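Asker: coordinates only, sequence not included:
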């Protein structure tokens, strides 16, 4: 199937800016935040529009695109930024999200969770004791995705996963009991080794492919909006 058949319109995303990854090294926090918002976020906004168009006929309910403000708490030192697709028009951080992360040393497309969310406990229970776990393992194997757990911390510690596995979902959940604050299932591309991919239109295709694989489990986690209460 050609690219023109996947979208009603040709995708607009042409890749992340080549200077995007160096911006995270700017020493002044305010200057760094402004550079990220001005340079990286326009590309992520375009990518979000493309992805929503591509996924719209597959999702159980409309998806909304979110970009962070990177200004809270007041002393926050931005070492990454992201695009999040969620059913939630507001407050997407409290639930699962289809997330494109941009860091100084990697980019990633993943189903991600802030594990401090109250809703994560139900998700973990269904993974351990329900049939959600096997579904996630099937997606991981079929799409070549990995479970990762990230600890709390500033860069570079916060960008180094404490756990990585393609087939040990329960191990990833166990790791969260120690120091994990972010759980994900997805695909990570290292920078600078894969900067050519990240700065090309092909990265948009990679994100779309990953999200198409993840969308059925995302919809399953969030629930059917058409189901009776």
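Answerer: Right, received. Where do you want to start? Only a predicted model underlies this, so the values are computations on that prediction, with no experimental measurement involved. Residues are numbered from 1 along each chain as shown.

Asker: buried stuff in the longest strand along the chain?
Answerer: The residue-count maximum for a strand in the chain (DSSP state E) belongs to strand 180-190. Using 16 or more other CB atoms under 10 Å as the test for burial, strand 180-190 gives 180-188. Bear in mind the C-beta positions are built from the backbone N, C-alpha and C, glycine included.

Asker: can you list the strands that that strand pairs with?
Answerer: In the sheet, strand 180-190 lines up against strand 106-114 (antiparallel), strand 146-151 (antiparallel) (DSSP bridges).

Asker: what sits against the residue nearest to the spatial centre of the chain?
Answerer: When CA atoms, centre = their mean is applied to the chain, the residue found nearest the centroid is residue 99 (1.9 Å). Residue 99 makes contact with 82-85, 108-112, 184, 186, according to CB atoms under 8 Å, 6 or more residues apart in numbering.

Asker: that one: what secondary structure?
Answerer: When classified by DSSP: H, G, I helix; E, B strand; the rest coil, residue 99 comes out as strand.

Asker: partners of it in the sheet?
Answerer: Beta-bridge partners, per DSSP bridges, of residue 99: residue 84, residue 110.

Asker: same question for residue 183.
Answerer: Bridge pairing for residue 183 - DSSP bridges - gives residue 113, residue 149.

Asker: that one is in contact with residue 171, isn't it?
Answerer: No - using CB atoms under 8 Å, residue 183 is not in contact with residue 171, being 11.6 Å away.

Asker: and the helices in the protein?
Answerer: Remark: helices assigned in the chain by DSSP state H are 3-6, 29-39, 41-55, 118-129, 132-143, 169-175, 195-198, 201-222.

Asker: got a list of contacts for the fifth one?
Answerer: Residues external to helix 132-143 that are found in contact with it (CB under 8 Å, 6+ apart): 123, 126-127, 145-147, 166-167, 169-170, 185, 187, 209-210, 213-214, 216-217, 220-221.

Asker: nearest to residue 152, out of the helices of the chain?
Answerer: Counting by CB to CB, residue 152 lies closest to helix 169-175 out of the helices of the chain; the figure is 13.0 Å.

Asker: where does this protein have low pLDDT?
Answerer: 1-8, 155-156, 158, 224-229 (pLDDT under 70).

Asker: run the last query once more with 80
Answerer: Applying pLDDT under 80 to the chain picks out residues 1-9, 74-75, 153-159, 179, 224-229.

Asker: need the strands paired with strand 180-190 in JSON lines with mean neighbour count, can you?
Answerer: Converted to JSON lines, the strands paired with strand 180-190 look like this (neighbours: other CB atoms under 10 Å):
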{"stretch": "strand 106-114", "mean neighbour count": "23"}
{"stretch": "strand 146-151", "mean neighbour count": "22"}
